[in-house]
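Student: The following comprises the amino acid sequence and a computationally predicted model.
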Amino acid sequence: MRRILIKKSKKLKGEISVPADKSISHRALIFSALAEGESNIYNLLFAQDCISTMNCLKSLGVEINIGDDFVKVYGRGISGLREPEDILDAGNSGTTMRLLTGVLSGIPGIFSVMTGDSSLRRRPMGRVVEPLLMMGAEIWGRAHSNLPPLAINGAKLKGGKHTLKVTSAQVKSALLLAGILSDGETWITEPAHSRDHTELIFEYLNLPLQKEGLTLKTHGVDGYKAKDFYIPGDFSSAAFIMAGGLIVEGSKIIIKNVGLNPTRIGMLEILKEAGADIKILRNYELGKESAGDMSVEYSKISSFEVSGDIVPRLIDEIPILAIIATQANGKSVFKNVEELKVKESDRIKGIVNGIVKMGGKAEEIESGFVVYGPTKLKGAEIDTFNDHRIAMAFAIAGLVAEGETILECESIKISFPNFISMLQELGGELVELLS
C-alpha cells in the first residue's frame, strides 16, 4: 500500500488548476454515450472513478477514443447500448453504479450485472432500486436488492411520481435518466436541493425538464443530438487546497478554472461567514456551468455550524471542513450529516477518530459531530479507512501538525491523482514512502 509522510509546512504559495469535476465528468460520459452523434469532452477527469464509468460504457458497446486534450465519445443513441459479455465493474464509484442502474433498467433486451470493490458493495442501493422497481424495472441484489452486486434485466419502464426519502443527486440523476427512457411522465421530489449538474445537462442538451420548487418533471424521448462538453475544475478537490491556504500560516494560493455551481459551494458560504479570506477573481460559464478563479489567503477563522438545507451542498467537503474547524476559534457543530456514515467509509467515525489521534478534540453527537478549536495538532499515523476524502483531509491536517503524519495515499487517485505533487509544488512538506 502506498503511504505518504507529511511534515509541518511553512507556507503554501502559487497558482494552480485542480483536476476536472468528477460529478460532471461521469455525467458527460453517460449522456454522450446515449446521444446521437459524436461528442468531444474537454478536460475530462482521468481519476479511477471516472475510468470505471468509461470502462463500463466500453463494455456496453460505446466507442471512446482518448485524444491529446479531449475524449471523443461515439454515441449509440437512446437505446443503442449492447448487452455486456461480462460483469460491469464500478470500482469504488457510487455514481457509476447508481446512474448506470437508471440507464440499464430502461433498455429492453439487455441483461447486466454490476459490482464494485468491497467498499461499494457495502453502500446502499435500495434508495435507487426501490423507485426504479415502481417504474417496472427488473433488478435483483443482495439484502433485498439494497446491496451490490445488482443484476438488471432491462425493461420498458413507465413514468411515475417519486418522493425521495434522502437528498441525493445520484438517485435523482438515475431517475431522470430512467425518465427519458420511459413511457409517460416522471416526477421527482427531493427533501432539499442537491447538486444540479444533471438538470443543467438536460437544459444544455434540450432534454425535457420542468422545475417547480423541489420537484422535477421529465418524460420519455426518442433521442437527442450529441454536443461537446467543457468541464471546469472540481470544487470538492479545490476544497482541500483552499483549506491548506486558510490554515497554513503565510499562505496565498490562486486556484484557476474551478466550478462555482451554486449547488456545490456551500463550503464557500460557510467559510466566508466565518472570516475566511477567499475572493472570486472572475466568473464565467462553461456550457451551463458557472466557473471562475479564486484566491485564498491564510485567515483567522471563527467557529461555524453546518446543518439543515446547506448540508447537501457541501456533503463531500465535510471532512476537510472538520480539519479547518480544528484551527477555528470555538466550537464548530456538524448536524444532519448522517449520510456520511454510508459514504466510502463511515466518515463521521474517520473524522472524529483522526482528530482525536492528532491531539484535537472532537466527539460524535446525534446526527453528526462537533469539533473544538483552535488546537495544536500533533503528527500521528492515521487510519483513512481507504477513503480518499479522509486521506486528503488528514494530509492537510499534517501540514499544520507538530511532528510527522503518516497515512495511506492509494485511495486518493479515486478523485485527485496529482494531489501530492500539487501540494509539493505549492511548498507542502510531503513525501511518498517506499513500500
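Tutor: Done, it's in.

Student: Can you give me the domain assignment for the chain?
Tutor: Dividing the chain into domains by automatic domain parsing, as the record does, gives the ranges 3-20+232-433, 22-230.

Student: how about CSV for these, with mean neighbour count and mean pLDDT added?
Tutor: (C-beta placed from N, C-alpha, C; glycine too.) Output for the domains of the chain, formatted as CSV (neighbours: other C-beta atoms under 10 Å; pLDDT from 0 to 100):
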stretch, mean neighbour count, mean pLDDT
domain 3-20+232-433, 20, 97
domain 22-230, 20, 97
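
Student: any idea which element residue 32 lies in?
Tutor: Of the helices and strands defined by DSSP states H and E, residue 32 is found in helix 22-34.

Student: Could you point out the helix or strand that follows that helix?
Tutor: Using DSSP H and E, the next helix or strand after helix 22-34 towards the C-terminus is strand 36-42.

Student: From the contact counts, what lies against that following strand?
Tutor: For strand 36-42, the helices and strands in contact under the criterion 3 or more C-beta pairs under 8 Å, 6 or more residues apart in numbering; DSSP states H and E are helix 22-34, strand 70-76, strand 229-230.

Student: quick one on the thing from earlier: how big is the angle separating the helix holding residue 32 from strand 36-42?
Tutor: Taking axes from the mean of the first three to the mean of the last three C-alpha atoms, to 10 degrees, one finds helix 22-34 and strand 36-42 inclined to each other by 160 degrees.

Student: Now find how far off-centre helix 22-34 is within its chain.
Tutor: Between the centre of helix 22-34 and the centre of its host chain there is 13 Å, according to C-alpha atoms, centre = their mean, to the nearest Å.

Student: on that earlier part again, of the helices and strands packed on strand 36-42, give the one that comes closest to residue 276.
Tutor: With distances scored as C-beta to C-beta, the stretch of those nearest to residue 276 is helix 22-34 (23.6 Å).

Student: counting contacts, what elements does that closest one pack onto?
Tutor: Here helix 22-34 is seen to pack against strand 36-42, helix 48-59, strand 70-76, helix 94-105, helix 169-180, helix 197-204, strand 229-230 when contacts are counted using 3+ C-beta pairs under 8 Å, 6+ apart.

Student: got the ones you listed as CSV, with distance to residue 339 columns?
Tutor: Putting those into CSV (distance: least, C-beta to C-beta, whole Å) gives the following:
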stretch, distance to residue 339
strand 36-42, 29
helix 48-59, 18
strand 70-76, 31
helix 94-105, 11
helix 169-180, 11
helix 197-204, 18
strand 229-230, 28
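
Student: now for these, which one comes closest to residue 388?
Tutor: helix 48-59 (9.0 Å).

Student: and that closest one, C-alpha only, in PDB?
Tutor: C-alpha atoms of helix 48-59 as PDB (Å, rounded to 0.1, in the frame of the first residue of the first chain):
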ATOM      1  CA  GLN A  48     -10.200   6.000 -11.100                       C
ATOM      2  CA  ASP A  49     -13.900   6.600 -10.500                       C
ATOM      3  CA  CYS A  50     -14.400   8.200 -13.900                       C
ATOM      4  CA  ILE A  51     -12.300   5.500 -15.600                       C
ATOM      5  CA  SER A  52     -14.700   3.000 -14.000                       C
ATOM      6  CA  THR A  53     -17.600   4.700 -15.800                       C
ATOM      7  CA  MET A  54     -15.600   4.800 -19.100                       C
ATOM      8  CA  ASN A  55     -14.800   1.100 -18.900                       C
ATOM      9  CA  CYS A  56     -18.400   0.200 -18.100                       C
ATOM     10  CA  LEU A  57     -19.600   2.200 -21.200                       C
ATOM     11  CA  LYS A  58     -17.000   0.500 -23.300                       C
ATOM     12  CA  SER A  59     -18.300  -2.900 -22.200                       C
END
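
Student: and the direction of it versus that of helix 22-34, what angle?
Tutor: Calculated by the same axes, to 10 degrees, helix 48-59 forms an angle of 10 degrees with helix 22-34.

Student: mind checking how far helix 48-59 is from the chain centre?
Tutor: In this view, helix 48-59 has its centroid 16 Å away from the chain centroid, taken as C-alpha atoms, centre = their mean.

Student: helix or strand right after it?
Tutor: Where DSSP H and E defines the elements, the next helix or strand beyond helix 48-59 is strand 63-66.

Student: now for that following strand, which elements pack on it?
Tutor: If you count contacts as 3+ C-beta pairs under 8 Å, 6+ apart, strand 63-66 packs onto helix 48-59, strand 70-76.

Student: got the CA coordinates for the shortest one in CSV?
Tutor: Once side chains and other backbone atoms are set aside, the C-alpha atoms of strand 70-76 remain, and they are given as CSV (Å, rounded to 0.1, in the frame of the first residue of the first chain):
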residue,chain,number,x,y,z
PHE,A,70,-10.1,15.7,-25.2
VAL,A,71,-12.0,12.5,-25.2
LYS,A,72,-14.3,11.6,-28.1
VAL,A,73,-17.4,9.5,-27.4
TYR,A,74,-19.3,8.0,-30.3
GLY,A,75,-22.9,8.0,-29.1
ARG,A,76,-25.1,4.9,-29.6
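
Student: which neighbours does that strand have in its sheet, and in what orientation?
Tutor: When sheet partners are counted by DSSP bridges, strand 70-76 sits next to strand 36-42 (antiparallel), strand 63-66 (antiparallel).

Student: could those strands be laid out in CSV, adding distance to residue 156?
Tutor: Supplementary listing: these in CSV, determined by distance: least, C-beta to C-beta, whole Å:
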stretch, distance to residue 156
strand 36-42, 20
strand 63-66, 26
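
Student: which residues touch stretch 26-39?
Tutor: Taking contacts as C-beta atoms under 8 Å, 6 or more residues apart in numbering, the residues outside stretch 26-39 that touch it are 41, 44, 49-50, 53-54, 57, 60, 62, 64, 71-78, 80-81, 93, 95-96, 99-100, 103, 173, 177, 197-198, 201, 205, 223-229, 231.

Student: again, but for stretch 215-226
Tutor: Counting by C-beta under 8 Å, 6+ apart, stretch 215-226 makes contact with 32, 34-39, 73, 75, 77-78, 159, 172, 176, 179-189, 199, 202, 205-211, all of which sit outside it.
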